[in-house]
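Sequence below, structure please.
(2 chains)
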Amino acid sequence: MVALVLADLKMMARNRQAIFWALFFPLMLVVVFGLFDFNGVGAADVAVIDKSGGPRAEIFLERLDGIEFLELEFDEDDPAKAREKITDGDLGYLIVIPEMFDDPAAQAQATGPAPVTLVYSTRNPDRNQLVDGAIRNLVSDIHSDGGPIVPAQLLTADVIQASEVDYFDNVLIGLLGLGIMTNSIISIAVRISTFRNLSILKRLLVTPLPIWKFFAAEITAHVLLALVQAGIILALGVFVFGGHVNGNLIWVLAVTALGSVVFLNIGFILSAWAKSPAAASGMGNAVALPMMFLSGTFFSTAALPWILPELSLALPLTPMLAALRDIAIDSEPIWETWPYLAALGGWVVATALAAVKVFKFG
Amino acid sequence: MEPAVQVENLVKRFGSFTAVDGVTFSVERGEVFGILGPNGAGKTTTLEIIESLQKPTEGRVSVLGLEVQSNAAKVKARIGVQLQASAYYGYLDLTEILNLLGSFYPNKTPPKALLEQVGLADKSGSRISELSGGQAQRFAVAASLVNNPELVILDEPTTGLDPQARRNLWSLIREVNQRGVTVVLTTHYMDEAEILCNRLAIMDHGKILALDSPQNLINQLEASYTVKLTMDKPMTTAQLGSLNGGVEVVQSRELSREPGEQEKQAEDDAVSENTYLLRLANSPSALRGMLDEIAKAGLGLENLQITPVTLEDVFLELTGTELRD
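Just a heads-up that it's a prediction; the model follows:
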């Protein structure tokens, strides 16, 4: 079987055109998404907790409201909860106006914390700089208007160290899943269909090679190829476009391999129905493209209309991407993603049984 | 020693179509055994059952003393097979393909020796797409020898080859056989069957119509000669019938052709129109009688060829038709 795996790998490496196009699509998308500036300075959502309630605080709020790129929210009154939201990336900023805000003299003598607290995470440094500067200037202005005594420190920046995550990181993992899915399905479907048309499968059947070894060799070679592809996609995303893989890369590759087996099995199933390599390619695309849109490759499945979010749960790419994102982005250990792995495992078994049932050699 | 192949009452049905209909034969060790028949005769299906690629509907097949159905892997390890339409991996060179195929067997012959044997040593680094049709077929034979088999099954090994390439392949098959390898081959070429095979089964519509050595099959015919007549104008059915007096069998190509085929057939045979094939017994009076009838009818004879009967005539006798391509 080792000879067959090596021969498979050799053939794949020599079929340079197929390799190029298999990688081209996901890599092109990585480039496109990488060139977009998803993290540009946009509107900043700011929760405000006013503990003072005095006239000076009111003027502060009024002028704060006048700063165009700030979107103020007043629903939050628990600083701890607001901090949690910032940590999770659900809120950009928190401004806490202290009780002593309307008494600069008291503030000046106080040894406690600074008068206004601005809380933010390290997630978006460019925007942080802008927001920090704008609020610092505003506090300074307000105190200057109020009299000669100003607090020793106008503003305390309370910076939360967040793991580096942005939209591109999510998309990068989506593209990894997309690349592995499309290549695994289409590559094996076209390859087997070609082998069948050329009677290569029949030629193998007249040798004493056990059938399971043929399948095992094909899957092993393709999974190894999928891991190389995963490495190239992630390397381009991280080293060229500044994406991040925070979690354990070995686990990322392990989930990639498991997902690849599911899609290879789907490829085997399609090859049984395809009468020609061209038909196999078309069928592969017809299966892969809907999954690309429904399984959260580029955006959250929660944004899908109607019953599509529920439908997406029934697709194998969805648990693969969920597990990959939990590991790669949220640094979770692989065992924490067991529900997704169990779903993928179920897909491996179900698709393998279906492939064995429908596969044809002649 | 058990025969190389023993086939008993073999039947293979695909739905209502019977591809092989009660075939029985055996192949002795060391012989070249041919199955001759047109496309659709059931030759390939019979071979595929021997190779354990298909299961028989009825009957029993044993190869090298082993029941094929229950010993498929053991049988496969000891035989070599060249399929009718078999391609090989396009991205591997000849040596790599032979190495890969050899890895499936317990004992294998080194690729270099195989390629030398089939005269492709200088192509060892080439891919299949770089070979000519004849070279590709020779490679297919080499691939069937990769496990040093006791029996080689070749399904139409020379189909589509030019005459020179066919002759090269015949030499190769003879060499393989001379080393003690039993050869079973199918063909729809009469000359190939006659030249290569020790024994021959003529098959049509799923049945074996005759089985013997090519010479014995020919000797079974009552007629000994084929006469090809080219007339100056078409003969009527009545005129042809009148020739029957001294001629044992009369077959008119002219009359048996479909109207649309006439031109193509004439081209294929490199004969002009108004040409007729007749068979006659080995008797001077038969020939004289035929020429007398022609003269009596006032017909002009443009050309006359007399040749000994061949397997083609045997086939014609057995099936009532010429060999279909």
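
what about the residue in the stretch 101-250 of chain A positioned nearest to chain B, neighbour count?
The stretch 101-250 of chain A approaches chain B most closely through residue A:198 (3.6 Å), counting by Cβ to the nearest Cβ. The way it works is simple: take the backbone N, C-alpha and C, and place the C-beta from them, glycine included. If you count neighbours by other Cβ atoms under 10 Å in any protein chain shown, residue A:198 ends up with 18.

how about it, phi and psi?
phi -90, psi 10 (degrees, to the nearest 10).

Around chain A, which positions in the stretch 101-250 of chain B sit nearby?
B:101, B:103, B:104, B:105, B:143 (Cβ under 8 Å from any Cβ of the partner chain).

So the first one sits against residue B:143, correct?
Yes - under the criterion of Cβ atoms under 8 Å, residue B:101 lies in contact with residue B:143, with a separation of 5.8 Å.

For chain A, which residues are neighbours of chain B?
A:3-4, A:7, A:10-11, A:14-15, A:198-200, A:202-210, A:362.

If we use 10 Å, what do you get?
A:1-4, A:6-8, A:10-16, A:18, A:194-195, A:197-200, A:202-210, A:213-214, A:361-362 (Cβ under 10 Å from any Cβ of the partner chain).

that older thread, how close does the spatially closest residue to the residue of the stretch 101-250 of chain A closest to chain B that is not a sequence neighbour sit to residue B:97?
Counting by Cβ to Cβ, 6 or more residues apart in numbering or on different chains, residue B:87 is the residue found nearest to residue A:198 once chain neighbours are left out, at 3.6 Å. Residue B:87 sits 10 Å away from residue B:97, going by Cβ to Cβ, to the nearest Å.

what residues are shared contacts of these two?
A:203, B:128 (Cβ atoms under 10 Å, 6 or more residues apart in numbering or on different chains).

which one of these two has more residues nearby?
residue B:97 (23 against 18).

Can you get me a residue count around the nearest residue to residue A:54 once chain neighbours are set aside?
Leaving aside its sequence neighbours, residue A:54 sits nearest to residue A:102 (Cβ to Cβ, 6+ apart; 3.2 Å). Residue A:102: 18 surrounding residues under other Cβ under 10 Å.

contacting residues around residue A:102?
Residue A:102 touches A:52, A:53, A:54, A:55, A:56, A:57, A:58, A:60, A:146, counting by Cβ under 10 Å, 6+ apart.

Show me what the residue nearest to the spatial centre of chain B bridges to in the sheet.
Nearest to the centroid of the C-alpha atoms of chain B, with distances taken as Cα atoms, centre = their mean, sits residue B:187, at 2.3 Å. On the basis of DSSP bridges, residue B:187 is bridged to residue B:36.

Please enumerate the strands of the stretch 1-150 of chain B.
B:5-14, B:17-27, B:32-36, B:58-63, B:66-67, B:79-82 (DSSP state E, counting those that start in this stretch).

can you put those strands in a markdown table and add mean pLDDT and mean neighbour count?
Output for these, formatted as a markdown table (pLDDT from 0 to 100; neighbours: other Cβ atoms under 10 Å in any protein chain shown):
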| stretch | mean pLDDT | mean neighbour count |
| --- | --- | --- |
| strand B:5-14 | 94 | 18 |
| strand B:17-27 | 93 | 18 |
| strand B:32-36 | 93 | 27 |
| strand B:58-63 | 94 | 19 |
| strand B:66-67 | 93 | 14 |
| strand B:79-82 | 92 | 26 |
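
Could you point out which of these sits nearest residue B:177?
Minimum separation from residue B:177 across the strands of the stretch 1-150 of chain B (Cβ to Cβ) falls at strand B:32-36, 5.2 Å.

correct me, but the residue nearest to the centre of chain B touches residue B:200?
Yes - counting by Cβ atoms under 10 Å, residue B:200 is a contact partner of residue B:187 at 9.4 Å.

Overlap of the contact sets of those two?
Contacts common to residue B:187 and residue B:200, judged by Cβ under 10 Å, 6+ apart, are B:34, B:35, B:36, B:193, B:194.

And for the last one, the neighbour number?
Neighbourhood size, residue B:194 [other Cβ under 10 Å]: 21.
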